[in-house]
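1. here are the coordinates; sequence isn't available:
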DNA sequence: ATGCGCCGGATTGTCGACAATGTCGATGCC
DNA sequence: GGCATCGACATTGTCGACAATCCGGCGCAT
């Protein structure tokens, strides 16, 4: 099997080719990637030895990276048992949504207070791109545009701590068990909310911008809730809620 | 030289006597304490060897703890230079205040939605204790009561993620250069705001509770801003802004 | 005298090894 | 047959040592 999967000491890896970086941060980014791409799923055990072979390093940097990720909330460390990929239950996911709603409201207010004309134009461009993708029902194009839109808003807020926090929370939501339910919201409805946001920003109305951003998040929360509820009732209607394996956590 | 300064493997230390805890987490808590108590100040260099002697361990746990604290934002890691205690400039402190204002508003809304009668009584008790301390101008008694009051609110919100986030931000504010300016707010004014908060909560009015909590934080932000401004103008008026040492950052 | 290059000390980054702990399976007993 | 106990394996927790890198001072050439 692959002894070195691309992140060796002298391997010019495509993403972020900063050779002069400590191994720990590279491993940290690598593990994050493994989680984001789904290679590591919630509840999975993180084996230090396996990872050290996977990344071609010793266990030291692995452990340091895991400590950092545990502090960030992506992993949980159980003493003498190892670290596991954190699993977000519905309640925790909703908690994160509530927090994001508050932060997004702040973000909207901050943006409306300091936005410039060209920045507004840029937002409209992104809205247009999302509109086009939504018209084609092309989720593969919509999703990155949506990401870029929110990144743009994030940078416009001009609050570095808020930016870091927001990114942490977004990553955290990837730990939700069935994250497929997250982006189940219809693109057109979501983009209508985006348009409202940009309009409020263009009006330089902090209150309206904050409210529209908050509602955008809360609407996503409601969509998730509805999706979960739908899934549950479907499962109940479908024979019995069969218990799969007695498997361990 | 002191081979063991109190946190050895078998030392029953007073704070958090959980013997079956990994060294890393103990070291992490220890370093946090060093920062909170001011033994380590913003910008200070964190020497791994010194800390390993201080805590009576090897460098491994120290490094892991530092990684975690760096991820948390209390330390900053400079490649091949080591880790330093993060220093919060005014701008960053204000950023944190803005974020806290948003989170506190959320907290107020959540509390007003789910608070019970006995919990309201408990809040009034704490208000009374703060009132008494404020009447005596006893900051030594006011400060812990204030802390307990906010802890109580935090638990009442019943949002674990929010709680963790809030505590992180509070710790972060300790990194502000002259944190003495932070609690410079007069006790009576602050406690008047507290009373407003509890009244709104007792009315079970989520909007009012959120607004009053948000304003409480924003008022603290303004007090900090005023204190900094006052300090600056005083420094300007007082001869020359003498440059101290050519010292390093 | 001043700027440049070299060298020594100190510290960080990384590694492999040992000890401690927990887990899983086999064995024996009730 | 079910359950408690014991033992071997696997994994984590911790340590000491080596190599890479960086900071500071010294000497030298211009």
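-> Cool, got the structure. Bear in mind the structure is a predicted one, so any value in this text is a computation, not a measurement.
2. And for stretch A:62-78, what's in contact with it?
-> Applying C-beta atoms under 8 Å, 6 or more residues apart in numbering or on different chains, the external contacts of stretch A:62-78 come out as A:24-25, A:27-28, A:30-32, A:35, A:46, A:48, A:51-52, A:55, A:83-86, A:168, A:171-172, A:175, B:22, B:24, B:60, B:63-65, B:67-72, B:164. Backbone N, C-alpha and C define where each C-beta goes, glycine included.
3. filter these by proximity to DNA strand D?
-> Subset of the contacts of stretch A:62-78 in contact with DNA strand D: A:46, A:48, A:83, B:22, B:24, B:60, counting by C-beta under 7 Å from any atom of the strand.
4. Pretty sure the third one sits in a helix.
-> Meaning residue A:83. No. Residue state for residue A:83 (DSSP: H, G, I helix; E, B strand; the rest coil) corresponds to strand; a helix is not indicated.
5. list the contacts for it?
-> Counting by C-beta under 8 Å, 6+ apart, residue A:83 has contacts A:45-46, A:66, A:69-70, A:75-77.
6. For it, give the beta-bridge partners.
-> Applying DSSP bridges to residue A:83 gives these bridge partners: residue A:46, residue A:77.
7. That one and residue A:26, how far apart?
-> To residue A:26, residue A:83 is 18 Å away according to C-beta to C-beta, to the nearest Å.
8. and if you look at the fourth one?
-> Taking C-beta to C-beta as the criterion, residue B:22 is separated from residue A:26 by 24 Å.
9. so who does the closest residue to residue A:148 other than its chain neighbours touch?
-> Counting by C-beta to C-beta, 6 or more residues apart in numbering or on different chains, residue A:148 lies nearest to residue A:126, which is 6.0 Å off, once chain neighbours are set aside. By C-beta under 8 Å, 6+ apart, the residues touching residue A:126 are A:145, A:148-149, A:152.
10. Need the residues you listed in TSV (columns: distance to DNA strand C, secondary structure and pLDDT).
-> Formatted as TSV, the contacts of residue A:126 follow (distance: C-beta to the nearest atom of the strand, whole Å; DSSP: H, G, I helix; E, B strand; the rest coil; pLDDT from 0 to 100):
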residue	distance to DNA strand C	secondary structure	pLDDT
A:145	36	helix	91
A:148	32	helix	94
A:149	36	helix	95
A:152	33	helix	96
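11. Columns distance to residue B:203 and neighbour count on top of those, output as TSV?
-> Shown next, in TSV, are those (distance: C-beta to C-beta, whole Å; neighbours: other C-beta atoms under 10 Å in any protein chain shown):
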residue	distance to residue B:203	neighbour count
A:145	44	23
A:148	43	15
A:149	39	21
A:152	40	16
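12. before we move on, back to that, quick check: which of the ones next to DNA strand D among the contacts of stretch A:62-78 has the minimum pLDDT.
-> Across these, the member with the lowest pLDDT is residue B:22, scoring 83.
13. Would you mind confirming that it is in contact with residue A:81?
-> No. Using C-beta atoms under 8 Å, residue B:22 is not in contact with residue A:81; the gap is 10.8 Å.
14. neighbour count winner among these two?
-> Per other C-beta atoms under 10 Å in any protein chain shown, whichever of residue B:22 and residue A:81 has more neighbours is residue B:22, with 15 against 9.
15. Setting aside sequence neighbours, what's the nearest residue to the more buried one?
-> Spatially, and ignoring its direct neighbours in sequence, residue B:22 is nearest to residue A:79 (5.3 Å; C-beta to C-beta, 6+ apart).
16. and the longest helix along chain A, how far out from the chain's middle?
-> Counting residues, the longest helix found in chain A (DSSP state H) is helix A:206-237. Here helix A:206-237 is found 16 Å from its chain centre; the criterion is C-alpha atoms, centre = their mean, to the nearest Å.
17. Now that helix: buried residues?
-> If you call a residue buried by 16 or more other C-beta atoms under 10 Å in any protein chain shown, then helix A:206-237 has these buried ones: A:206, A:208-221, A:223-224, A:227-228.
18. Check whether it comes near chain B.
-> No. If you take C-beta under 8 Å from any C-beta of the partner chain as the test, helix A:206-237 misses chain B, and the best it gets is 9.0 Å.
19. Output the contacting helices and strands for that helix.
-> In terms of contacts (3 or more C-beta pairs under 8 Å, 6 or more residues apart in numbering or on different chains; DSSP states H and E), helix A:206-237 is packed against helix A:90-114, helix A:187-202.
20. Residue A:57 reaches residue A:25, doesn't it?
-> No. Using C-beta under 8 Å, residue A:57 is not in contact with residue A:25; the gap is 11.9 Å.
21. Now the residue in chain A positioned nearest to DNA strand C. Nearest residue, chain neighbours left out?
-> For chain A and DNA strand C, the shortest gap (C-beta to the nearest atom of the strand) falls at residue A:23, measuring 2.9 Å. Of all residues beyond its chain neighbours, the one nearest residue A:23 is residue A:61 (4.2 Å), with distances taken as C-beta to C-beta, 6+ apart.
22. what comes up buried for the helix or strand the one you found falls within?
-> Assigned by DSSP states H and E, residue A:61 falls within helix A:59-72. By 16+ other C-beta under 10 Å, the buried positions in helix A:59-72 come out as A:60-72.
23. Return the member of these nearest to residue B:135.
-> Taking C-beta to C-beta as the measure, residue B:135 lies nearest residue A:71 of the buried residues of helix A:59-72, at 41.3 Å.
24. Name the residues of chain A found near DNA strand D, please.
-> Counting by C-beta under 7 Å from any atom of the strand, chain A comes close to DNA strand D at A:20, A:45-49, A:59-60, A:63, A:77, A:79-83.
25. So which bits of chain A are right by DNA strand C?
-> By the rule C-beta under 7 Å from any atom of the strand, the part of chain A lying against DNA strand C is A:9, A:22-24, A:56-61, A:80-81, A:248.
26. One more pass at 6 Å, please.
-> Residues of chain A lying near DNA strand C by C-beta under 6 Å from any atom of the strand: A:22-24, A:57-61, A:80-81.
27. gap between the two ends of stretch A:178-188?
-> 22 Å (C-alpha to C-alpha, to the nearest Å).
28. mean confidence for that stretch?
-> The average pLDDT within stretch A:178-188 is 73.
29. which residues sit against that stretch?
-> Applying C-beta under 8 Å, 6+ apart, the contact partners of stretch A:178-188 are A:130, A:133-134, A:137, A:139, A:142-143, A:173, A:176, A:219-220, A:223-224, A:227-228, A:231.
30. and of the residues you listed, the nearest to residue B:235?
-> Ranked by distance to residue B:235 (C-beta to C-beta), these are led by residue A:173 at 46.0 Å.
31. Quick one, grab the pLDDT at that closest one.
-> For residue A:173, the predicted pLDDT is 94.
32. again, but for residue A:137
-> Looking at residue A:137, its pLDDT is 84.
33. Low-confidence regions, chain A specifically.
-> Along chain A, segments meeting pLDDT under 70 span A:1-20, A:184-185, A:237-249.
34. Could you show which parts of it are in contact with chain B?
-> Checking chain A against chain B by C-beta under 8 Å from any C-beta, the hits are A:20-22, A:24, A:60, A:63-65, A:67-73, A:77, A:79-80, A:92, A:95-96, A:98-99, A:101-103, A:105-106, A:110, A:159-162, A:164-165.
35. Measure how the strand or helix carrying residue A:127 sits relative to helix A:90-114, angle-wise.
-> Using DSSP H and E, residue A:127 sits within helix A:117-135. On the basis of axes from the mean of the first three to the mean of the last three C-alpha atoms, to 10 degrees, helix A:117-135 is oriented at 140 degrees to helix A:90-114.
36. Next, the angle from helix A:117-135 to helix A:187-202.
-> With the same axes, to 10 degrees defining the directions, helix A:117-135 sits at 170 degrees from helix A:187-202.
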